[in-house]
Structures are given as C-alpha cells and as structure tokens.
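Build me a model from this:
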Amino acid sequence: MIRRTWLLVTLAAVLGTTLPRTSDANYDCATGRISGVTGNSITIYDREARTFALDSRTRFTAWPTNGRWQAISLLDRRQLFCNSRLLDVGRLVAVHPRHDGTSVARWVQVAIDDAGNAGVGANACLR
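Next up, the predicted model:
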C-alpha cells in the first residue's frame, strides 16, 4: 500500500511539473481584421494593431469560417497579392507567428466566406 501511494505521489509530481509547459504553449497567434497590407508586412487589428512581417516562407491558406472544412487549401501567392481582394482592408485573418519569438508570420489564414468576388479586383501587384 505504501508503494502504491508513493508511486501515485511521484506520478502526480512528474505530471504536475510537465503540464504547465505544455498547456501554456502560447505562440501569440492573432486573429483580427486587416488594417494594412504591403508587400512584406500585414497589420491586423483586434484589440490593438499588430504588424507581422511576411517573407518567402510565410504560407497563406483559405480559412472557411462557415463550414466547408474541406475547402482549406494553400492560396497562390501571386493570385493573392495581384488579382484578388482577399487581402483587402477589413478582411478577417488569423496570423500565426514563427516559434522563434520574432514577429514574422509563419502562417496566415484568410477568411474566404465573405470574399465576394475574390478572383476579380484591382490588377496591381504589391510585389
């Protein structure tokens, strides 16, 4: 009985020391509306304005907010910056920064449900 109790206490102590690190995995993701976009940065606003840098490793995916989970897919970068209205001011996005503590976006999810006519827009590239 003493062995079982000692084993339970040890197991609880080990579990207690490992849980705070794994359950507090805050990678500082931000969800909000686009307030500005340039060729190498995106600024979003939720409770405060936050700017994230964009580079060649940043991935953009479609984010269906009203069902159609199978519609999640990579977005073509040239189409995104040149011919669509998916990065217009006011668009809902979720930005996931890199895990190295910088403000460089690793992954940007763009809400596609209120895109309107996403394939037609101003034909002016930002890059």
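
So which residues of the chain form strands?
Under the criterion DSSP state E, the chain contains strands at 30-37, 41-45, 49-53, 59-63, 92-97, 105-111.

Packing partners of the fifth one?
Read that as strand 92-97. Under the contact criterion of 3 or more Cβ pairs under 8 Å, 6 or more residues apart in numbering; DSSP states H and E, strand 92-97 touches strand 30-37, strand 41-45, strand 49-53, strand 59-63, strand 105-111. Any C-beta I mention is one placed from the backbone N, CA and C, and that applies to glycine too.

please redo it, this time with the cut-off set to 7 Å
Contacts defined by 3 or more Cβ pairs under 7 Å, 6 or more residues apart in numbering; DSSP states H and E place strand 92-97 against strand 30-37, strand 41-45, strand 105-111.

Out of these, which gets nearest to Pro64?
strand 105-111 (7.9 Å; Cβ to Cβ).

now the angle from the closest one to strand 49-53?
With axes from the mean of the first three to the mean of the last three Cα atoms, to 10 degrees as the basis, strand 105-111 and strand 49-53 are set at 120 degrees to each other.

strands paired with strand 105-111, and their directions?
Taking DSSP bridges as the criterion, strand 105-111 forms sheet pairs with strand 59-63 (parallel), strand 92-97 (antiparallel).

ranking these by mean pLDDT, which is last?
When the strands paired with strand 105-111 are compared by mean pLDDT, strand 59-63 comes last with a mean of 88.

for that one, which positions count as buried?
Neighbour-count burial for strand 59-63 flags 60-63 (criterion: 16 or more other Cβ atoms under 10 Å).

Nearest to Ser84 among the strands paired with strand 105-111 would be which one?
Smallest distance to Ser84 across these (Cβ to Cβ): 10.5 Å, for strand 59-63.

now that closest one, how far from the chain's geometric center?
When C-alpha coordinates are averaged (Cα atoms, centre = their mean, to the nearest Å), strand 59-63 and its chain have centres 9 Å apart.

now swap in stretch 94-103 and tell me
On the basis of Cα atoms, centre = their mean, stretch 94-103 sits 8 Å off its chain's mean C-alpha point.
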